[in-house]
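**Student:** would you be able to build a 3D model of this:
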Amino acid sequence: MKHQGITVFVDRDGTLNEDPGYLSNPDALVLYPGVVEAVARLKQAECAVILVTNQSGIGRGYFSQVDLRAIHDKLERLLREGGGGLDGIFFCPHLPDAGCECRKPNPGLIHQAVESLQVSVTRSYMVGDKRSDMELANNIGAIGVLVNTSSVSQDAIDAKRRGELRIECITLTFHEAAEWILQDAQTRQWSNG
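**Tutor:** So this is what the prediction gives:
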């Protein structure tokens, strides 16, 4: 089943790969099992898959944009070798208190992706492991899919339980999230707005 016009925005650390805290070296990039296959499935279904990631380690001086490029080059290579790949990578290098528009849950990275890649957010999903990812989904009108990979995911689950946050699906792996998206996109009644 083809899903042209569907955009899947994806967080990186804790969603696609293990989160060691400020990943600064490509050698430390460890993808979760099933991620390569899941991205390939989304791409085979003609979904746009776009990485949106907060990388305040740059602003903190823990690593450089060159280091980040090396990590993303490895990520892209692993995904391409598995038959997938990313349509774009957008990152926020700023500190949390910088007041920028690009740090999730602010929508700046999504605006960059829309402008650069001509994708639509009216038929989009946001997959991530943190509350800020789900708040971003809510802020842009995307369908929020939480990957419950670590203790930080619990904050989002608690917020959903209190009615503060809309999360449409909670899975344990990115692979499960991708399969849910592929099913959901077939049956969802998409609005034209």
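
**Student:** can you give me the strands in this structure?
**Tutor:** For the chain, applying DSSP state E gives strands covering 7-10, 48-54, 88-92, 124-128, 143-147, 169-171.

**Student:** quick one: list the elements packing against the lengthiest helix in the chain.
**Tutor:** Assignment by DSSP state H gives helix 65-81 as the longest helix of the chain. Helices and strands touching helix 65-81, by 3 or more C-beta pairs under 8 Å, 6 or more residues apart in numbering; DSSP states H and E, are helix 35-44, strand 88-92. Backbone N, C-alpha and C define where each C-beta goes, glycine included.

**Student:** mean neighbour count, these: which tops it?
**Tutor:** Counting by mean count of other C-beta atoms under 10 Å, helix 35-44 has the highest mean neighbour count of those, with a mean of 21.

**Student:** same for that one, what does it pack against?
**Tutor:** With contacts defined as 3+ C-beta pairs under 8 Å, 6+ apart, the packing partners of helix 35-44 are strand 48-54, helix 65-81, helix 174-187.

**Student:** could I get these as a markdown table with distance to P26 and mean pLDDT?
**Tutor:** Formatted as a markdown table, these follow (distance: least, C-beta to C-beta, whole Å; pLDDT from 0 to 100):
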| stretch | distance to P26 | mean pLDDT |
| --- | --- | --- |
| strand 48-54 | 15 | 98 |
| helix 65-81 | 4 | 98 |
| helix 174-187 | 19 | 96 |
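
**Student:** any low-confidence regions in the chain?
**Tutor:** 1-3, 192-193 (pLDDT under 70).

**Student:** give me that answer again for 50
**Tutor:** By pLDDT under 50, the low-scoring segments of the chain are 193.

**Student:** what sits against V39?
**Tutor:** 49, 79, 82, 84-86, 178 (C-beta atoms under 8 Å, 6 or more residues apart in numbering).

**Student:** list just the nearest of these to N17.
**Tutor:** L79 (11.1 Å; C-beta to C-beta).

**Student:** L75 reaches L29, doesn't it?
**Tutor:** Yes - using C-beta atoms under 8 Å, L75 makes contact with L29 at a distance of 6.3 Å.
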